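> what shape does this take:
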Amino acid sequence: MGDRVEVATLLMACGIAGGDIGIDGARLDHVEMVVRKLTDMGMRVTATDSGLRAQAGHRGIPAPAGEPAPRLTARR
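Below you'll find the model as predicted:
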């Protein structure tokens, strides 16, 4: 099992830098909130047999013009 903080950090780095990464040993249910927010911003994160695959455009996730930055908040 991958460390949740490390997995979330790698997912966000992919979103910032862009590209296509695989994270072996990661579980989608362990980083569900982060994945939900990243997919809302245009990233693709899918579960694979070995872990997770994340894909973002070549320039990363674009920041919406004139809107506040998205927040990572827990839904209750």
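> now for the residue nearest the centre of the chain: which residues touch it?
The centroid of the chain falls nearest to Leu11 when counting by CA atoms, centre = their mean (3.9 Å). Applying CB atoms under 8 Å, 6 or more residues apart in numbering, we find Leu11 in contact with Ile23, Val31, Val34, Val35, Leu38, Met43, Val45, Leu52, Ala54. (Each C-beta comes from the backbone N, C-alpha and C, glycine too.)
> isn't the second one up against Val7?
What that stands for is Val31. Yes. In this structure, Val31 is within contact of Val7 by CB atoms under 8 Å, at 5.2 Å.
> list residues touching both of these two?
Common neighbours of Val31 and Val7 (CB under 8 Å, 6+ apart) are Leu52.
> quick revisit: so for the helix or strand harbouring the residue nearest to the centre of the chain, what's the average pLDDT?
Here Leu11, judged by DSSP states H and E, is contained in helix 4-17. For helix 4-17, mean pLDDT rounds to 92.
> buried stuff in that helix?
Val7, Ala8, Leu10, Leu11, Met12, Cys14, Gly15 (16 or more other CB atoms under 10 Å).
> now, which of those residues sits nearest Arg27?
Comparing the buried residues of helix 4-17 against Arg27 with CB to CB places Val7 closest, at 8.2 Å.
> burial count for the residue lying closest to that closest one once chain neighbours are set aside?
Leaving aside its sequence neighbours, Val7 sits nearest to Ala26 (CB to CB, 6 or more residues apart in numbering; 4.5 Å). For Ala26, the neighbour count with other CB atoms under 10 Å is 25.
> looking at it, Ala26 is touching Arg53, isn't it?
No. Contact criterion CB under 8 Å: Ala26 and Arg53 do not qualify, at 9.5 Å.
> dump stretch 34-52 to PDB, keeping only the CA atoms.
Extracted in PDB, the C-alpha atoms of stretch 34-52 (Å, rounded to 0.1, in the frame of the first residue of the first chain):
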ATOM      1  CA  VAL A  34      -7.900  14.500  -3.800                       C
ATOM      2  CA  VAL A  35      -8.800  12.600  -7.000                       C
ATOM      3  CA  ARG A  36     -12.300  14.100  -7.000                       C
ATOM      4  CA  LYS A  37     -10.900  17.600  -6.900                       C
ATOM      5  CA  LEU A  38      -8.200  16.900  -9.500                       C
ATOM      6  CA  THR A  39     -10.800  15.400 -11.900                       C
ATOM      7  CA  ASP A  40     -13.000  18.400 -11.400                       C
ATOM      8  CA  MET A  41     -10.100  20.500 -12.600                       C
ATOM      9  CA  GLY A  42      -9.600  18.400 -15.800                       C
ATOM     10  CA  MET A  43      -7.200  15.600 -14.800                       C
ATOM     11  CA  ARG A  44      -7.800  11.900 -15.500                       C
ATOM     12  CA  VAL A  45      -7.100   9.500 -12.700                       C
ATOM     13  CA  THR A  46      -7.900   5.800 -13.100                       C
ATOM     14  CA  ALA A  47      -7.300   2.700 -11.100                       C
ATOM     15  CA  THR A  48      -5.100   0.000 -12.800                       C
ATOM     16  CA  ASP A  49      -4.100  -3.500 -11.800                       C
ATOM     17  CA  SER A  50      -0.900  -2.200 -10.200                       C
ATOM     18  CA  GLY A  51      -2.100   1.100  -8.700                       C
ATOM     19  CA  LEU A  52      -3.200   4.400 -10.200                       C
END
